[in-house]
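[1] Need a 3D model of the following:
(chains A and B)
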Number of protein chains: 2
Amino acid sequence: MPERVDDIGEFGLIRRISTLLDQEGIRSERVAVGIGDDTASFLPRSGYELLITCDCMVEGRHYLPGKIRPYDLGRRAMTLNISDIGAMGGRPLYALVSLGLKPDILVRDVEEMYRGFLVELNPLGASIIGGNLTTSGNGMFIDITLVGEVEQGRAVRRSRARPGDIILVTGYPGQAAAGLQLLLKTPDDSKILEHPLVKIYNSPSHRAPLGEAIAKAGCATAMIDTSDGFLGDLGHICEESKVGAELFKEKLPVSEALREAALRLERDPFDFFLGDSDDYELVITCRPQDMAKLRSVASRCCAVPLTEVGRIVDRPLEITLLFPGGERRPVKISGWDHFRLSKNSGSGV
Amino acid sequence: MPERVDDIGEFGLIRRISTLLDQEGIRSERVAVGIGDDTASFLPRSGYELLITCDCMVEGRHYLPGKIRPYDLGRRAMTLNISDIGAMGGRPLYALVSLGLKPDILVRDVEEMYRGFLVELNPLGASIIGGNLTTSGNGMFIDITLVGEVEQGRAVRRSRARPGDIILVTGYPGQAAAGLQLLLKTPDDSKILEHPLVKIYNSPSHRAPLGEAIAKAGCATAMIDTSDGFLGDLGHICEESKVGAELFKEKLPVSEALREAALRLERDPFDFFLGDSDDYELVITCRPQDMAKLRSVASRCCAVPLTEVGRIVDRPLEITLLFPGGERRPVKISGWDHFRLSKNSGSGV
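    Now for the predicted structure:
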């Protein structure tokens, strides 16, 4: 019988996790106290601001138990926190992992989840320095706090987009949402886990290195990650910057895979693109004169596609979709409401 | 009908919480970005280490729904994090609050919980700068991450107690455990909530200012808070410092209130004192020559009783209880195991 966490107990599990982190994680010289004291401690770098965020995934709400491997669950939970640090232009440093576990969960599944955390953190030079374990009889949750840093004054806010700015987006938003729908539509088909969009949903990528490079170059006016969906997050920029936006419908990067999936799901691919989707792409605004610099920074940093999709306008909170024939259609800014609508992510307070 | 959170929705709730924090919380000049962006950000102080801890309370596991007011629940959840920062000798600065809420919870109950957080943070000059909200259909949880600071090199670890050191404890451990038992024994008696020990269980105090003063004076060799019970936490010091301890039974500060409650519960008061209890007192070790200084620091800082209860010995992991007649009885060091025994707190990883 494979070991369960209630076989080895809490302190047994802490030892196993500590050993795994020692062997497979990264050790930072700036960490004075790691796991095994009342708190962790680290020495901040002079000239840098610290960024801090937390995001929580609840079983049955943010993921489907049995439909995602523990390793991918770990990757996904860490990715969404890394994405938040990246969207500010920061570099992730230290994570605290707080788990609510059912007592009968297998030890190897917890270890695989930690390997998922590490596979995201290690390439960035970041490490897990603390956390909390508790039993949670009614369903598991994973709550991660991630600390990052950014050069003082270089953090890219949501609130500084100005009329005339260009709106850009990385990658192909909407693919994760279509992946989730495919998963929900064919719950008993195990092959569906191999569908490229289901894989994007289950183990999304973040754009943190690009966010960091953009902040360093100082060429963005605002930046956000698409954790509330493309429109929801563009809406956050509009709200915080007190501006509006015009989007060129034919320029929106709808991938071929999304078009095919939408056909199969009998849905409009633009619904997926604009709506709630856990893709963790970046929406960036910049002044027209900084576009070339931003593209150059992006191409030096990584191979992520960067598409110009619209511009910021001086009509607060109005987002308009411009069609090729000249038609203008207002779209509703709606943050996707977690307590009222079906929503796949919690929201930062 | 009083408003429920699903009446005003997630973003409505975020606005209400932001307003409450603006009006009733503290604003720190070092916070560059607070609530309302991808992450919060702050400027660390030069010459200081940052401390970071997280602790989680799960409904039904760490508190009894209906047996604690939302305001006290907020106080208690924040207190246990503050206590961890204090046990390292640090000063709390910034909190992130991650909540899993049932959709039908009343908005005013969430607001009262935040008032509970603030009543603990405000006197320390600390503030809430971020967090996360999500629905959790199966039961509520409150997961708090607290950041603090301590002068570089002044953090008091668990690992530096040496043979010959004196062991001291603040206050009267065990009272919270007896309070919990009184609550469990008379679940339908609403008057029981007014019992002094039940009040101590529901809204415990922390000793963070004392911990900070002790660290500043540099007169302790090890320090820990009693979140795993007096013996459990003294055991952590012994384990990390690779030492043992002798305790003078007649010196253990068992309060009159604890004796009375133990009588009513037909239990030995020392079981409560030594065992699992959420009192958040401090266990401190110091060299004999630093005792006078430590007492002087403590008396200048606050009116908390500080009792000498034993000494550190060179027999790793052995804790011995010394009776007035000369009898020596070994006691078992046991961390209280959350996954196997009934335990009232999660454990730091």
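[2] helix, strand or coil for A:Glu266?
    At A:Glu266 the chain is in coil, as set by DSSP: H, G, I helix; E, B strand; the rest coil.
[3] Could you check how far it is from A:Ala178?
    12 Å (C-beta to C-beta, to the nearest Å). Every residue, glycine included, has its C-beta placed from N, CA and C.
[4] and if you look at A:Glu112?
    A:Glu112 sits 27 Å away from A:Ala178, going by C-beta to C-beta.
[5] if we can go back for a sec, between A:Glu266 and A:Ala178, which one's more packed in?
    When A:Glu266 and A:Ala178 are compared for neighbours, A:Ala178 comes out ahead with 29 against 6, by other C-beta atoms under 10 Å in any protein chain shown.
[6] Find the nearest non-adjacent residue to that one, please.
    By the measure of C-beta to C-beta, 6 or more residues apart in numbering or on different chains, the closest residue to A:Ala178 outside its immediate chain neighbours is A:Ala261, 4.1 Å from it.
[7] Alpha carbons of stretch A:179-194, as CSV, please.
    Written as CSV, here are the backbone C-alpha positions of stretch A:179-194 (Å, rounded to 0.1, in the frame of the first residue of the first chain):
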residue,chain,number,x,y,z
GLY,A,179,-9.4,23.5,-22.8
LEU,A,180,-11.5,23.6,-19.6
GLN,A,181,-14.7,23.3,-21.6
LEU,A,182,-13.4,20.3,-23.5
LEU,A,183,-12.5,18.8,-20.1
LEU,A,184,-15.9,19.4,-18.7
LYS,A,185,-17.7,18.2,-21.8
THR,A,186,-16.0,14.8,-22.0
PRO,A,187,-15.3,14.0,-18.3
ASP,A,188,-14.9,10.3,-18.9
ASP,A,189,-12.6,10.5,-21.8
SER,A,190,-9.1,10.1,-20.4
LYS,A,191,-7.5,10.9,-23.8
ILE,A,192,-8.9,14.4,-23.5
LEU,A,193,-6.0,15.1,-21.1
GLU,A,194,-3.7,14.9,-24.0
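[8] how far does that stretch sit from the chain's center?
    When distances are taken as C-alpha atoms, centre = their mean, to the nearest Å, stretch A:179-194 is centred 21 Å away from the chain's centroid.
[9] Would the helix ranked longest in chain A count as contacting chain B?
    When chain A is parsed with DSSP state H, its longest helix is helix A:5-24. Yes: using C-beta under 8 Å from any C-beta of the partner chain, helix A:5-24 reaches chain B at A:5-6, A:9-11, A:13-14, A:17-18.
[10] C-terminal to that helix, which secondary structure element comes first?
    With elements assigned by DSSP states H and E, the helix or strand that comes after helix A:5-24 is strand A:31-33.
[11] name the helices or strands packed onto that next one?
    strand A:40-42 (3 or more C-beta pairs under 8 Å, 6 or more residues apart in numbering or on different chains; DSSP states H and E).
[12] and if we set it to 10 Å?
    strand A:40-42, strand A:127-135, strand B:48-58 (3 or more C-beta pairs under 10 Å, 6 or more residues apart in numbering or on different chains; DSSP states H and E).
[13] what would those strands look like in a markdown table with mean neighbour count?
    What follows is the helices and strands packed on strand A:31-33, written out as a markdown table (neighbours: other C-beta atoms under 10 Å in any protein chain shown):
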| stretch | mean neighbour count |
| --- | --- |
| strand A:40-42 | 26 |
| strand A:127-135 | 24 |
| strand B:48-58 | 26 |
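[14] among those, which is nearest A:Pro70?
    Taking C-beta to C-beta as the measure, these were each checked against A:Pro70, and strand A:127-135 came out nearest at 15.2 Å.
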